[in-house]
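Student: just a sequence and a predicted model for now, questions to come.
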Amino acid sequence: MRSCRSIGALLAAVLVLTMGAAALGAESEIRLGVVAPVTGQIAITGQYMRNGVELAVKEFAPDGVSVGGKKLPVRIIVEDNENKPETTANAFRKLIDQDEVCAIVGPDASTVSLAGTPIAQAAGIPVVTTFPTNPRVTQVGDYIFRACFIDPFQGYIMAKYTWETLGKKKAAILYNNGNDYSKGLTEFYTESFEKFGGKVVAVEAYGGGDIRDFNAQLNNIKGTDAEILFMPNSFHEAGLAMNQARKAGITIPFLGSDTWDTPDIVQIASGAEEGSIYDCAFSAESTVPEAAAFTKAYQDAYKQLPNSNAVLAYEATAIILKAIEKAGSLDGAAIRDAIRQTELKLPSGVIKFDENRNPTKGAVLLQFTGGVARYLTTVNP
């Protein structure tokens, strides 16, 4: 009969071998998590994100990334967050606890980002969010970065365009009071517009993401002397509201925000979007070399033009891959520190992070003309 000491020694040896094998396995690839809305109302944005991530890996790490002198392949692990906070939190937990990713790309919206990023912060896993523009997102902690501009800038440039370029002095706002992004952008637009001398004559709210009837709010807006209607809402909600507004006899111009940057809004609005203007991170019509090269590569790969969701996911992935290469490590703190020092020339401009882990970058304004979002101008900080 084998002694307890012998059995204990054997178990200890097995444990050492198992841990060694696990460590070796963990270093055999770079696991990159992606949190995106694969299903649900805005699933199209998830597809743009997935495409952007895949393209970045192909371009920045076709043969892998050097870690500790060894070239490791990159494995993308996508988790569907359905654009819901609770689902997002679960996606973060799975990616961190089960898949053991070294970094995460996304999510794409402010409310869901605020549900998931605290989990990554607590675990010491770097996150480069793609399109959540609410300032609170990166305030979660020092492991949280973003690839997009923030709402104070976005609200300011849209208010300035309303006042100076369009010459409109009175504005109405329709927004989703159940969404951090929509609420925040409403506040920043209002603050900036009133500083210019404008007046917000109507602020109409609705709650939740499944509402389809905005007629009550639109009728209230119709009864005012508003000269323009600002709708910082998801493309699905904004498209429906535009259509209903025109049917209700509202003829004033529409202004939107970066969430409008998808061709699906044209199908939903059914022509009501004509002439409307919104801001976003990127225009496929840009002739800047990096932007033009990205647009061509994306079109060649996916047979469609890229939008801001695609380019920001591409850039977030590029930032992480370059940081891993610079750090030469899969350690979260090392990757975080390398991201802080990032300075890359990418399709939407030069990416360099400020003390709050936000990039300093400009925006473009687009206008729907004949069912296509056409480039109007670029606005820099």
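Tutor: Ah, there it is.
Student: residue ranges for the strands of the stretch 51-200 of the chain, please.
Tutor: 65-67, 70-72, 74-80, 103-105, 127-129, 144-146, 170-176, 199-206 (DSSP state E, counting those that start in this stretch).
Student: tell me how far the second one is from the chain's mean position?
Tutor: With C-alpha atoms, centre = their mean, to the nearest Å as the basis, the distance from the averaged C-alpha position of strand 70-72 to the chain average is 29 Å.
Student: partners of it in the sheet?
Tutor: strand 65-67 (antiparallel) (DSSP bridges).
Student: what does the fourth one give?
Tutor: Each strand that pairs with strand 103-105, with its direction, by DSSP bridges: strand 30-36 (parallel), strand 127-129 (parallel).
Student: chain center to it: distance?
Tutor: How far strand 103-105 lies from its chain's middle: 12 Å, per C-alpha atoms, centre = their mean.
Student: same question, the longest one
Tutor: Offset of strand 199-206 from its chain centre (C-alpha atoms, centre = their mean): 26 Å.
Student: quick one: low-confidence ranges for this protein?
Tutor: Along the chain, segments meeting pLDDT under 70 span 1-26, 209-210.
Student: phi first, then psi, for the residue nearest the centre of the chain.
Tutor: The chain has F131 as the residue nearest its centroid, 1.8 Å off, counting by C-alpha atoms, centre = their mean. The phi/psi pair for F131 (degrees, to the nearest 10) reads phi -130, psi 10.
Student: what about the closest residue to it other than its chain neighbours, how many residues nearby?
Tutor: Residue nearest to F131 in three dimensions, not counting chain neighbours: D108, with 4.5 Å by C-beta to C-beta, 6 or more residues apart in numbering. Placement of C-beta: from N, CA and C, glycine included. A total of 28 residues lie near D108 under the criterion other C-beta atoms under 10 Å.
Student: what do you get for D213?
Tutor: Neighbours of D213 under the rule other C-beta under 10 Å: 11.
Student: any chance of the strands paired with strand 103-105 in CSV, with mean neighbour count and distance to A172 too?
Tutor: Supplementary listing: the strands paired with strand 103-105 in CSV, determined by neighbours: other C-beta atoms under 10 Å; distance: least, C-beta to C-beta, whole Å:
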stretch, mean neighbour count, distance to A172
strand 30-36, 26, 33
strand 127-129, 30, 30
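Student: what would those look like in TSV with distance to G362?
Tutor: Output for those, formatted as TSV (distance: least, C-beta to C-beta, whole Å):
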stretch	distance to G362
strand 30-36	25
strand 127-129	19
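Student: of those strands, which is nearest N83?
Tutor: Proximity to N83, assessed across those by C-beta to C-beta, is greatest for strand 30-36 (9.0 Å).
Student: looking at the strands of the stretch 51-200 of the chain, which is nearest to D258?
Tutor: strand 144-146 (12.4 Å).
Student: what packs against that closest one?
Tutor: Here strand 144-146 touches helix 110-123, strand 127-129, going by 3 or more C-beta pairs under 8 Å, 6 or more residues apart in numbering; DSSP states H and E.
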